[in-house]
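Q: Sequence first, predicted coordinates after that:
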Amino acid sequence: KQEVTQIPAALSVPEGENLVLNCSFTDSAIYNLQWFRQDPGKGLTSLLLIQSSQREQTSGRLNASLDKSSGRSTLYIAASQPGDSATYLCAPREHNTDKLIFGTGTRLQVFP
Amino acid sequence: NAGVTQTPKFQVLKTGQSMTLQCAQDMNHNSMYWYRQDPGMGLRLIYYSASEGTTDKGEVPNGYNVSRLNKREFSLRLESAAPSQTSVYFCASSEIRGASNQPQHFGDGTRLSIL
């Protein structure tokens, strides 16, 4: 059974710092891995999708990497801003079931 | 761009009442999903539908039923609501099974409280 762990569970940093959020998963048989952002009381916004054949994806200040063989993905946020404050979720999509399996997220607070 | 639309956004029920959560997508996606989100537990899959006319159980299906009414719509029904079903429910959709470059798209959620 796929298990997804996100470290750290919570993070509070001053504005301007570069951040690394970690995601690990136990079954490397995946189609892809998505990173989502969730604001309090809101739905999920897809940030980045990395296909199983890819090593990384970039969107603006966000960069996500994937090491499928070791079951790890990282989300790198450059020059963090207060508007980045949210919970970040990673979810690999299983190959055999086609389902997304979610971690419990990293709650990020960026203060001015 | 509507994407995935869920109704209602909020609902309060009494124990034993029934209700149906509605979900519709306008992206011509084949696969649709229902999740629940509880504090400290992440999102868990309740049911999914890989294509019109098919449904399968996810991780936590007990107490729920689903209907894939057509390609656009996927509803979730609570026949006899219980306090343990208090949660935030999310509907999602995606392209065909196994499309590695296709993300899942989520609705804004339904916040359900059962007293």
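A: Thanks, I have it. On a predicted model such as this, the values are computed, not experimentally measured, just so you know.
Q: what about residue 27, how many neighbours?
A: Just going to use chain A. 15 (other Cβ atoms under 10 Å in any protein chain shown). C-beta here means a position set from N, CA and C on the backbone, and glycine is covered the same way.
Q: ah, no, chain B please
A: Neighbour tally, B:M27, other Cβ under 10 Å: 13.
Q: same check, this time on A:A64
A: 24.
Q: Look up which residues are beta-bridged to it.
A: Taking DSSP bridges as the rule, A:A64 bridges to A:Q57, A:L75.
Q: Leaving out chain neighbours, which residue sits closest to A:I30?
A: A:P92 (4.3 Å; Cβ to Cβ, 6 or more residues apart in numbering or on different chains).
Q: any idea which helix or strand carries that neighbour?
A: Using DSSP states H and E, A:P92 maps to strand A:86-94.
Q: Show me what that strand packs onto, helices and strands only.
A: For strand A:86-94, the elements it packs on are strand A:4-7, strand A:19-25, strand A:30-38, strand A:72-77, strand A:106-111, strand B:42-49, judged by 3 or more Cβ pairs under 8 Å, 6 or more residues apart in numbering or on different chains; DSSP states H and E.
Q: ok, the spatially most central residue of chain B to A:W35 distance?
A: Nearest to the mean C-alpha position of chain B, by Cα atoms, centre = their mean, lies B:W34 at 2.6 Å. According to Cβ to Cβ, to the nearest Å, B:W34 stands 22 Å off from A:W35.
Q: One more: B:A24?
A: 26 Å.
Q: the more surrounded of the two?
A: A:W35 (23 against 20).
Q: can you pull out the strands in chain B?
A: B:4-7, B:10-13, B:19-25, B:31-38, B:42-49, B:56-57, B:64-68, B:74-78, B:87-94, B:105-106, B:110-114 (DSSP state E).
Q: A:L47: which of these is closest?
A: strand B:105-106 (12.1 Å; Cβ to Cβ).
Q: Which residues does the closest one contact?
A: A:36, A:43-46, B:3-4, B:25, B:27, B:29, B:90-94 (Cβ atoms under 8 Å, 6 or more residues apart in numbering or on different chains).
Q: One more pass at 7 Å, please.
A: For strand B:105-106, contacts defined as Cβ atoms under 7 Å, 6 or more residues apart in numbering or on different chains pick out A:G43, A:L44, A:S46, B:G3, B:V4, B:M27, B:F90, B:A92, B:S93, B:S94.
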